[in-house]
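> Pasted the sequence and its predicted model underneath.
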Amino acid sequence: MTTTVQAPGSAGREARPAPLGRVIFITAAAAMGGFLFGYDSSVINGAVEAIRGRYDIGSAALAQVVAIALIGSAIGAAIAGRVADRIGRIRVMQIAAVLFTISAVGSALPFALWDLAVWRVLGGIGIGMASVIGPAYIAEVAPPAYRGRLASFQQAAIVVGIALSQLVNWGILHLADGDQRGKIGGIEAWQWMLGVMVVPAVVYGLLSFAIPESPRFLISVGKADRAKEVLAQVEGDGSHLDARVAQIEQAMRSEHRSTFKDLLGGRSGLLPVVWIGIGLSVFQQLVGINVAFYYSSTLWQSVGVDPSGSFFYSFTTSIINIIGTVIAMVFVDKIGRKPLALIGSAGMAVSLGLVAWAFSAHLVDGKLPHAQGVLALIAAHAFVLFFALSWGVVVWVLLGEMFPNKIRAAALGVAASAQWIANWAITASFPSLSDWNLSATYIMYTVFAALSIPFILKWVPETKGKALEEMG
């Protein structure tokens with residue numbers, strides 16, 4: 001299958017189509033950063049209890065080791081754009097791959113708790129860089145006719161990375177006879193779980209050498225001829241390459257580089273639309289979704305599920321996450337952003353409420369009663385499904401569409417920062433909160449899911465079918 005682009009002014013001249021397979025390969029290679037994002041974010045799930053036992057630490061210290069990668073992610077996300085504008089998108093991908101690789105090796109072979117934390121921060125920086133540069137590169141390289149579908153590769157890669165990390169963890173646990181600290185080749189199982197990330201990290205690095213630099217960056221550094229070659233690869237040799245280069249140059253000259261000052265206004269300090277973006281980002285995290293990916297194995301073990309079973313449920317949760325993401329990608333343009341978000345909020349509130357009720361039961365021999373245990377499993381999976389088919393995708397779609405052109409870049413940066421901070425707060429607080437009262441912790445998440453409903457109804461705009469220029 002191929003894609004043909006007929007440029008303005010080229011009517012009557014047959015265009016040589018660009019092979020769609022080549023475009024898909026370039027996109028998939030860039031989306032490997034998303035895969036690593038998902039993989040590294042979730043792989044720690046299998047190592048949490050083993051780290052607690054290895055270093056004999058309490059819940060508060062354990063939470064900091066798990067959550068500290070998010071500090072690195074915030075740093076990586078903050079610097080990726082500027083670095084990419086200086087040295088190119090491909091070089092940033094390669095730096096991220098190197099950081100991932102070093103982090104994987106260091107995390108697998110720590111000699112103390114503090115250096116494990118250092119390696120986690122380093123990997124987090126790689127996560128943050130990949131989370132920014134992947135979508136940006138794909139948007140700049142993808143042919144306009146396929147940009148939306150190709151951009152979805154990033155989110156799909158993230159959820160696949162989450163699922164595969166859980167499957168690999170489960171396989172390693174079986175090799176270690178169900179013991180997270182069991183030895184395999186002289187190294188404990190949890191160390192293998194963290195170290196295996198070397199493989200996709202190296203693949204990501206190698207793939208970065210097989211794809212071209214962004215035409216936009218090449219033009220910005222005066223390499224217009226090379227930019228034409230790349231455009232020919234992705235849009236076809238028959239497209240009017242000189243016109244395309246001129247179009248990109250004109251767009252770059254007319255761009256307004258938004259700053260934080262552009263976001264200021266009104267009594268509340270920031271423009272109302274910026275607060276809405278921050279609210280979307282924060283609510284997405286305050287429902288506790290990352291507890292399902294960082295701590296699900298620990299959670300199930302705390303209510304009596306054996307380690308092997310807890311790892312299996314973590315994997316099935318990841319599969320549900322993929323299914324929900326596919327549903328969202330199918331329906332987000334058909335039924336709209338707000339209806340999908342409302343469906344998700346209502347479903348999450350009910351599911352989380354059921355989980356909270358199930359966890360309120362008294363443990364019998366360290367286990368939940370059978371009925372409550374089955375309900376907890378079903379409701380927890382339903383929660384992930386409702387999140388994935390709504391807020392997991394809708395928030396990113398809305399954040400990309402709802403801001404006026406003049407402030408879009410700066411507003412997105414503020415909203416993304418708010419999301420990392422909220423993510424860190426939930427991730428760092430869960431172990432201590434669950435030690436205090438697991439049911440009450442889930443009641444708190446339930447309340448946030450319920451509060452998101454009036455927030456959507458009153459403040460969130462519907463952006464379906466609107467051009468970006470209509471946002472104001």
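That came through, no problem.

> Which residue comes closest to R216 once chain neighbours are left out?
E140 (4.6 Å; C-beta to C-beta, 6 or more residues apart in numbering). Placement of C-beta: from N, CA and C, glycine included.

> same check, this time on S268
W275 (6.4 Å).

> I'd assumed the one you found was in a helix, is it?
Yes: secondary structure of W275 (DSSP: H, G, I helix; E, B strand; the rest coil): part of a helix.

> Let me know the distance separating it from L263.
W275 sits 10 Å away from L263, going by C-beta to C-beta, to the nearest Å.

> which residues touch the residue nearest to R216?
Residues near E140 by C-beta atoms under 8 Å, 6 or more residues apart in numbering: 89, 214-217.

> what do you get for F293?
41-42, 45, 162, 317-318.

> Show me the contacts of E140 that map onto helices.
Among these, the members found in helices (DSSP state H) are 89, 215-217.

> I figured R52 was touching L62, is that so?
Yes: assessed by C-beta atoms under 8 Å, R52 is found in contact with L62 at 5.2 Å.

> neighbour-wise, which of these two wins?
L62 (21 against 18; other C-beta atoms under 10 Å).

> Which helix or which strand is home to the more buried one?
Per DSSP states H and E, L62 falls inside helix 59-87.

> on contacts alone, who are the packing partners of that helix?
Where contact means 3 or more C-beta pairs under 8 Å, 6 or more residues apart in numbering; DSSP states H and E, helix 59-87 is packed against helix 48-55, helix 89-108, helix 113-141, helix 215-220, helix 408-459.

> again, 7 Å this time
Contacts defined by 3 or more C-beta pairs under 7 Å, 6 or more residues apart in numbering; DSSP states H and E place helix 59-87 against helix 48-55, helix 89-108, helix 113-141, helix 408-459.

> so where's the stretch 101-250 of the chain uncertain?
144-149, 151, 236-239 (pLDDT under 70).

> Report the buried residues of stretch 400-409.
401-404, 407-409 (16 or more other C-beta atoms under 10 Å).

> Ok, stretch 156-175 next?
Under 16+ other C-beta under 10 Å, the buried positions of stretch 156-175 are 156-166, 168-170, 172-173.

> For A227, state which of those residues is nearest.
A157 (26.0 Å; C-beta to C-beta).

> Leaving out the residues flanking it, which one is nearest to the closest one?
G34 (3.6 Å).

> What's the local residue count around that neighbour?
24.

> separation between it and S103?
Taken as C-beta to C-beta, the span from G34 to S103 is 17 Å.

> One more: F315?
On the measure of C-beta to C-beta, F315 and S103 end up 23 Å apart.

> from memory E213 sits against G88, does it?
Yes: with contact defined as C-beta atoms under 7 Å, E213 and G88 form a contacting pair (5.4 Å).

> Could you report the pLDDT at the residue lying closest to Y445 once chain neighbours are set aside?
Distances taken as C-beta to C-beta, 6+ apart put G288 closest to Y445, at 3.8 Å, once the chain neighbours are dropped. Note for G288: predicted pLDDT of 93.

> what about G288, distance to D225?
G288 is 52 Å from D225, by C-beta to C-beta.

> contacting residues around stretch 160-170?
34-39, 41-43, 45-46, 193, 196, 293, 311-312, 314-315, 318-319, 321-322 (C-beta atoms under 7 Å, 6 or more residues apart in numbering).

> now swap in stretch 276-283 and tell me
Contacts for stretch 276-283 (C-beta under 7 Å, 6+ apart): 395, 398-399, 402-403, 411, 414-416, 418-419, 422, 448, 452, 455, 459-460.

> again, but for stretch 128-135
30-31, 33-34, 36-37, 72-77, 80-81, 84, 89, 92-93, 95-96, 151, 154.

> Over to stretch 421-430?
63-64, 66-67, 70-71, 281-282, 285-286, 288, 290-291, 294-295, 441.

> Now restrict these to buried residues only.
63-64, 66-67, 70-71, 281-282, 285-286, 288, 290-291, 294-295, 441.

> How many residues are close by the residue nearest to Y295 when sequence neighbours are not counted?
Spatial nearest neighbour of Y295, chain neighbours left out: F430 (5.8 Å); criterion: C-beta to C-beta, 6+ apart. Here the number of neighbours of F430 (other C-beta under 10 Å) works out to 24.

> where's F430 relative to L389, distance?
23 Å.

> do V282 as well
Distance from V282 to L389, by C-beta to C-beta: 20 Å.

> Equivalent analysis for Q166, please.
Counting by C-beta to C-beta, the gap from Q166 to L389 is 19 Å.

> One more: G304?
G304 is 30 Å from L389, by C-beta to C-beta.

> For those two, indicate the residue with more neighbours.
Using other C-beta under 10 Å, the more surrounded residue of G304 and L389 is L389, with 26 against 16.

> List phi and psi for that one.
Torsion angles at L389 (phi, psi; degrees, to the nearest 10) stand at phi -80, psi 0.

> dump the residue contacts of it.
Neighbours of L389 in contact, by C-beta under 7 Å, 6+ apart: 324, 327-328, 344.

> Surely F35 touches V159?
No: contact criterion C-beta under 7 Å: F35 and V159 do not qualify, at 9.5 Å.
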